[in-house]
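**Q** Quick one: sequence and predicted model below, then my questions.
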Amino acid sequence: MKVIGAGWTDIGLQRPTNEDSFAVVQEGRDVERRGPCYIVCDGLGGAKAGEVASRVATDAFVTAWFSRELTAEDTRHRLRLAVHEANRVVHRLSLSSDEMAGMGTTLVALVPHAGWVYVCNVGDSRGYRLRGSVLTQLTKDHTMAADMIRQGLLDPAYAQQVSERNILTRAVGTSTTVEVDVVSDELHAGDRYLLCSDGLWGTVFESGLKAGLTGGSPEETVHRLVDLANTCGGPDNSTAVVVDVQETGGVTD
């Protein structure tokens, strides 16, 4: 089996800047050595700090993931080390000027290795899997509202109506350390994965995401999903990375 993906981002219809960033890295010698890498980040901070944070975190994560100095054998550990490096770079930059102070970003990334898919995340950018007609959220949101739901203090049906839904409990770059969640999922031919910012999943609800993910190539699908968010008013930047697991081709490492 092999994986193939594509990504797209759009400023939306109501925001002055796009604070989302993504990367799709699936070609080159480093990919042959370590496998492809997919990532979405959604920045936060005043002025252009959020835009800077997401781009810097994306670049730092990708650089760290493919670095020959990142020698940990365990994929989960390597992912955490790559996120920790992104956190270090963003946090250091946040201390460099008043304009960058307090900036940070969410992060969700996917890498395939040895018959498995690994997804790591910090914040509320999400990872989903579409298997047949079943859409499953693989990541947990790190927000105050999500914590309240897990504690039984908030009905999920009302989560979109409370202010706590936008309050992050974890972010990359806002402190010297960061806690990273990593989940694994066995590769199955025909599966489709989605990484996205909250501008997509918070605007296009689950039934719409499932419909938008059905059919077409990854490139066609990411455009369709982002267009759906804009059709729903485009209140935020929206970003989608779609990754397909295919039967044909060589073995993905």
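**A** Cool, the structure landed. Numbering: from 1, shown residues only.
**Q** What segments of the protein are helices?
**A** Remark: helices assigned in the chain by DSSP state H are 29-34, 49-66, 75-94, 144-150, 198-201, 206-213, 218-231.
**Q** Which strands or helices does the third one pack on?
**A** In terms of contacts (3 or more C-beta pairs under 8 Å, 6 or more residues apart in numbering; DSSP states H and E), helix 75-94 is packed against helix 49-66, strand 104-105, strand 107-113, strand 116-122, strand 181-186. All C-beta spots, glycine's among them, are computed from the backbone N, C-alpha and C.
**Q** Go again with 10 Å.
**A** Here helix 75-94 touches strand 37-44, helix 49-66, strand 104-105, strand 107-113, strand 116-122, strand 181-186, going by 3 or more C-beta pairs under 10 Å, 6 or more residues apart in numbering; DSSP states H and E.
**Q** most neighbours per residue, which of the ones you listed?
**A** strand 104-105 (a mean of 32; mean count of other C-beta atoms under 10 Å).
**Q** starting at the chain centroid, how far to that strand?
**A** Put simply, strand 104-105 sits 12 Å off its chain's centre (C-alpha atoms, centre = their mean, to the nearest Å).
**Q** And for stretch 85-93?
**A** In terms of C-alpha atoms, centre = their mean, the centre of stretch 85-93 is set 17 Å apart from its chain centre.
**Q** Which helix or strand in this structure has the lowest average pLDDT?
**A** Among the helical and strand segments of the chain, the one scoring lowest on mean pLDDT, DSSP states H and E is helix 144-150, with a mean of 82.
**Q** So which residues make contact with that one?
**A** Here helix 144-150 makes contact (C-beta atoms under 10 Å, 6 or more residues apart in numbering) with 124, 140-141, 143, 153-156, 158-169.
**Q** what do you get if the cut-off is 7 Å, keeping everything else the same?
**A** The contact list for helix 144-150 (C-beta atoms under 7 Å, 6 or more residues apart in numbering) reads 140, 154, 156, 159, 162, 164-165, 167, 169.
**Q** So which bits of stretch 24-32 are buried?
**A** Buried residues in stretch 24-32, counted by 16 or more other C-beta atoms under 10 Å: 24-26, 30.
**Q** do stretch 234-249 as well
**A** Buried residues in stretch 234-249, counted by 16+ other C-beta under 10 Å: 234, 236-245.
**Q** just checking, which of the residues you listed belong to strands?
**A** Using DSSP state E, 238-245 are the members of the buried residues of stretch 234-249 that sit in strands.
**Q** hmm, back to that, winner for burial among the helices of the chain?
**A** Using mean count of other C-beta under 10 Å, helix 198-201 ranks as the most buried of these, with a mean of 26.
**Q** List the neighbours of that helix that are in contact with it.
**A** Helix 198-201 is contacted from outside by 12, 20, 42, 124-126, 209, 225, 229, 236-240, using C-beta under 7 Å, 6+ apart.
**Q** and which of the ones in strands among the buried residues of stretch 234-249 is nearest to Ala64?
**A** Ranked by distance to Ala64 (C-beta to C-beta), those are led by Val241 at 18.4 Å.
**Q** re the thing from before, of all the buried residues of stretch 234-249, which comes closest to Val183?
**A** Distances from Val183 to those, taken by C-beta to C-beta, are shortest for Val243, at 14.7 Å.
**Q** Isn't that closest one up against Ala109?
**A** No: using C-beta atoms under 7 Å, Val243 is not in contact with Ala109, being 11.0 Å away.
**Q** For the helices and strands packed on helix 75-94, give me JSON lines that also has mean pLDDT and distance to Ala86.
**A** Below are these laid out as JSON lines (pLDDT from 0 to 100; distance: least, C-beta to C-beta, whole Å):
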{"stretch": "strand 37-44", "mean pLDDT": "97", "distance to Ala86": "8"}
{"stretch": "helix 49-66", "mean pLDDT": "96", "distance to Ala86": "4"}
{"stretch": "strand 104-105", "mean pLDDT": "96", "distance to Ala86": "8"}
{"stretch": "strand 107-113", "mean pLDDT": "97", "distance to Ala86": "7"}
{"stretch": "strand 116-122", "mean pLDDT": "97", "distance to Ala86": "9"}
{"stretch": "strand 181-186", "mean pLDDT": "96", "distance to Ala86": "14"}
